[in-house]
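1. task: produce atomic coordinates for the following.
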Amino acid sequence: MPRASYTPGSGFTLHDLSTGREIGKAATAEEATRIAAERADLTLEDDAAAIANITAAYQRAENAGGSGSATVPPLDSEQAGTVRPETEQIKASSPAQSEVSPNPFKDASGNWKFSPSEIQQIDESAFEQAKRTRTVNTDDARAHVPGYDKANPLTRDNEVHGLASAINTRILDRMIAEPVTVGRVIILAGGGGSGKSTTSSKFAPKADFTIDTTFSSPASAAALIAKIRGSGREVEVLYVHRRFPLALDNIINRYLTEKHRTGAGRIVPVDVAIDAHIGAQQTVLGLSDVPTQIIDNNGTLGEAHTISLEKLVNEQYLLNHETGTEKDTSSEGRNSRTGDPSTQGGSSRSGGGSSDSRRAEAEARLRSEGERIIEELRESGELTDAEADAFLGRGSADKANASDKQR
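-> I've put the predicted structure just below:
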């Protein structure tokens, strides 16, 4: 099992426990879990509890905002379902440990600047919004953090992510603790720009509330489903599929619209978007006992429709090239999945090469497409240099501010 060390602003670095060799980097706890689980040959079907524990250990490091490590001992078949991570104490980081610009939401020691009473006020404000909208969404939680609206729009979402994620987890727990009404929770799944919020009203059945998430980590998905079921509610997944080039256009257009309307929008770096799109799709294809609707949202507004699991299997990122221009007009496979274990995607995947190699190839292909789109918008002047670099995951807050002032 790899050893994962976390550094604020840089994310996780994973090393082989026996050789000490670096085996990968990850921006989030969920991505780090995927790398660790694949390295240890853990699967969601057989090792859900162990994977959830790995995620929990990594999230503690991430949410604490410090620099520390989470080490999980090697697992045998008997330990897989019950192991508890042995986590080293999370230590506060110093400015010297980070090469990025200082996080305005943290103090010089790397701790969040907010007092316990301020955190409680943020929680209450976010909880009231969740109760009003009946939606739990980390993006909504970010806006309740003091200073978020005045922070650099090109970096603030990453800077406040750990805190917003922790807030959202607490809001979810409180929503689950609310009295059961319908007895169902909807999980909106799909990468950024898929159109989850615009399609949910048409396809989502009545529910106690909705969780808007990427659903890109099998471990986190398993833990979320178990938590909901533990409250006595049913779970239904609504997965929205939109090809990556079209989704990235939506992400950038949403940023530009928000920028023109409010002066600032939300930046989603292309690598983060790619990880979410591939991860969400693979998570959905791996589900075995959860009713799921698969929505094709590759057309224009109002053209979204349900498709079969088999059609998604044939169009998955790990097997197919994305053109962003193909449009399905056939009526074949328009029925939604009902959760019949006999038709689940885990046994329907095919294609040459290992899962790791196919994912790496898909990531490289989508990144190339994303870079092309972003560079075209930079060249046309629709994105400033700083904005394009932010979407590409390059540059710093200082560079962004300087470029924006020049324009």
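2. relative to D173, how far out is I167?
-> 11 Å (Cβ to Cβ, to the nearest Å). The way it works is simple: take the backbone N, C-alpha and C, and place the C-beta from them, glycine included.
3. so between the two, which is more surrounded?
-> Neighbour totals were compared for I167 and D173, and I167 leads with 24 against 12 (other Cβ atoms under 10 Å).
4. what's the end-to-end length of stretch 169-188?
-> 16 Å (Cα to Cα, to the nearest Å).
5. could you pull up the mean pLDDT of that stretch?
-> Stretch 169-188 carries an average pLDDT of 95.
6. before we move on, what about stretch 233-245?
-> For stretch 233-245, the mean pLDDT works out to 95.
7. dump that stretch to CSV, restricted to CA.
-> C-alpha atoms of stretch 233-245 as CSV (Å, rounded to 0.1, in the frame of the first residue of the first chain):
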residue,chain,number,x,y,z
ARG,A,233,-33.7,6.1,2.6
GLU,A,234,-33.4,4.7,-0.8
VAL,A,235,-30.7,5.9,-3.2
GLU,A,236,-31.1,6.7,-6.9
VAL,A,237,-28.2,7.9,-9.1
LEU,A,238,-28.8,10.3,-12.0
TYR,A,239,-25.7,10.2,-14.2
VAL,A,240,-25.4,12.9,-16.9
HIS,A,241,-23.1,12.2,-19.8
ARG,A,242,-21.8,15.0,-21.9
ARG,A,243,-18.7,14.5,-24.0
PHE,A,244,-15.7,16.2,-22.6
PRO,A,245,-15.1,18.9,-25.3
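8. and G230, how close does it get to Y148?
-> Applying Cβ to Cβ, the value for G230 to Y148 is 32 Å.
9. who has more neighbours out of these two?
-> Ranked by neighbour count (other Cβ under 10 Å), G230 and Y148 place Y148 first, with 20 against 9.
10. hmm, the more buried one is touching A141, no?
-> No - judged on Cβ atoms under 8 Å, Y148 makes no contact with A141 at a distance of 9.9 Å.
11. for this structure, just list every one of the strands.
-> Secondary structure of the chain (DSSP state E): strands located at 3-7, 11-15, 22-26, 68-71, 86-87, 135-136, 184-189, 209-212, 234-241, 292-296, 305-307.
12. confidence-wise, which of those is weakest overall?
-> Among those, strand 86-87 scores lowest, with a mean of 32.
13. among the strands of the chain, which is nearest D385?
-> D385 sits nearest to strand 11-15 of all the strands of the chain, at 24.2 Å, using Cβ to Cβ.
14. run through who's touching the closest one.
-> 2-7, 21-29, 31-32, 35-36, 39, 58, 61-62 (Cβ atoms under 8 Å, 6 or more residues apart in numbering).
15. from those, which would you call buried?
-> Among the contacts of strand 11-15, the ones that count as buried by 16 or more other Cβ atoms under 10 Å are 2-7, 23-24, 26-29, 31-32, 35-36, 39, 58, 61-62.
16. how about the strands of the chain in JSON lines, adding distance to A219?
-> Formatted as JSON lines, those follow (distance: least, Cβ to Cβ, whole Å):
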{"stretch": "strand 3-7", "distance to A219": "13"}
{"stretch": "strand 11-15", "distance to A219": "14"}
{"stretch": "strand 22-26", "distance to A219": "13"}
{"stretch": "strand 68-71", "distance to A219": "13"}
{"stretch": "strand 86-87", "distance to A219": "16"}
{"stretch": "strand 135-136", "distance to A219": "19"}
{"stretch": "strand 184-189", "distance to A219": "15"}
{"stretch": "strand 209-212", "distance to A219": "16"}
{"stretch": "strand 234-241", "distance to A219": "16"}
{"stretch": "strand 292-296", "distance to A219": "18"}
{"stretch": "strand 305-307", "distance to A219": "26"}
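17. out of the ones you listed, nearest to N152?
-> Of all these, strand 11-15 comes closest under Cβ to Cβ, at 18.9 Å.
18. so in that sheet, which strands flank the closest one, and in what orientation?
-> Sheet neighbours of strand 11-15, with direction, are listed as strand 3-7 (antiparallel), strand 22-26 (antiparallel) (DSSP bridges).
19. dump these to JSON lines, plus distance to H241.
-> Formatted as JSON lines, those follow (distance: least, Cβ to Cβ, whole Å):
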{"stretch": "strand 3-7", "distance to H241": "31"}
{"stretch": "strand 22-26", "distance to H241": "24"}
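20. which one of the ones you listed lies closest to E118?
-> strand 3-7 (24.0 Å).
21. gap between that closest one and the chain center?
-> Its chain's C-alpha centre and that of strand 3-7 lie 19 Å apart, by Cα atoms, centre = their mean, to the nearest Å.
22. can we start the residue count at 465 from this point?
-> Okay, using 465 as the starting number, the last item reads as strand 467-471.
23. just the helices in the stretch 565-714 of the chain please.
-> Chain-ordered helices for the stretch 565-714 of the chain, with DSSP state H, counting those that start in this stretch as the definition, fall at 580-597, 602-606, 620-623, 625-641, 660-667, 682-694, 708-726.
24. want to throw these into JSON lines with distance to S772?
-> Compiled in JSON lines, the helices of the stretch 565-714 of the chain are given as follows (distance: least, Cβ to Cβ, whole Å):
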{"stretch": "helix 580-597", "distance to S772": "31"}
{"stretch": "helix 602-606", "distance to S772": "30"}
{"stretch": "helix 620-623", "distance to S772": "35"}
{"stretch": "helix 625-641", "distance to S772": "30"}
{"stretch": "helix 660-667", "distance to S772": "15"}
{"stretch": "helix 682-694", "distance to S772": "21"}
{"stretch": "helix 708-726", "distance to S772": "20"}
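25. to N761, which of those helices lies closest?
-> Closest among those, using Cβ to Cβ: helix 660-667, at 5.6 Å.
26. from the chain's centroid, how far away is that closest one?
-> 19 Å.
27. quick check: mean pLDDT across it?
-> On average, helix 660-667 scores 87.
28. what angle separates it from strand 698-705?
-> Compare the direction of helix 660-667 with that of strand 698-705 by axes from the mean of the first three to the mean of the last three Cα atoms, to 10 degrees and you get 120 degrees.
29. and helix 660-667, which residues are buried?
-> Neighbour-count burial for helix 660-667 [16+ other Cβ under 10 Å]: 660, 663-664, 667.
30. where's A685 relative to E588, distance?
-> 28 Å.
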